[in-house]
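**Student:** here is a sequence with its predicted model. Questions after.
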Amino acid sequence: MLLFGRINLLQVESVMKKEIDIREKMKAIMRKSFFPNHYYMEVYNILQFLSQGSKSVYEYFKQMKIVIIRANISKDREAKMDRFLNGLVEILLI
């Protein structure tokens with residue numbers, strides 16, 4: 001009975017992996033077809049020059065989070081933290 005259950009689990013896992021791969025490929029195709037090439041360059045520029053300015057830390061954090069999602073960036077946490085700290089007002093860092 002256990003062997004039968006294991007086979008089913010392996011089959012289910014392989015089907016799920018295939019579905020995830022197909023979904024990721026479809027997302028990439030959809031992004032390429034609906035977003036112009038310059039869109040990502042503009043979003044990267046926004047992210048590059050994003051700073052807190054007169055916004056609160058929470059508003060700055062929210063805006064940065066939205067831009068990172070739009071840019072489809074999945075960097076490690078340390079890189080995101082570094083980018084966040086670079087945009088904060090200097091008074092807060094002292």
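**Tutor:** That came in fine, so what should we check first?
**Student:** contacts, neighbours, all on C-alpha from now
**Tutor:** OK.
**Student:** ok, residue 61 - contacts?
**Tutor:** By C-alpha atoms under 8 Å, 6 or more residues apart in numbering, the residues touching residue 61 are residue 84.
**Student:** which stretches of the protein form helices?
**Tutor:** Read by DSSP state H, the chain holds these helices, from start to end of the chain: 2-34, 37-48, 57-70, 77-87, 90-93.
**Student:** mean confidence score for the fourth one?
**Tutor:** Taken as a whole, helix 77-87 carries a mean pLDDT of 77.
**Student:** and that helix, how far from the chain's centre?
**Tutor:** Centroid separation between helix 77-87 and its chain, computed with C-alpha atoms, centre = their mean, to the nearest Å, is 14 Å.
**Student:** same check on stretch 33-53?
**Tutor:** Here the centre of mass of C-alpha atoms in stretch 33-53, compared against the chain's by C-alpha atoms, centre = their mean, lies 13 Å away.
**Student:** now stretch 50-58
**Tutor:** A distance of 21 Å separates the C-alpha centroid of stretch 50-58 from that of its chain, computed with C-alpha atoms, centre = their mean.
**Student:** buried ones in that stretch?
**Tutor:** Neighbour counts using 16 or more other C-alpha atoms under 10 Å place 50, 51, 52 of stretch 50-58 among the buried residues.
**Student:** likewise for stretch 59-70?
**Tutor:** Of the residues in stretch 59-70, 60, 61, 63, 64, 67, 68 count as buried by neighbour count, 16+ other C-alpha under 10 Å.
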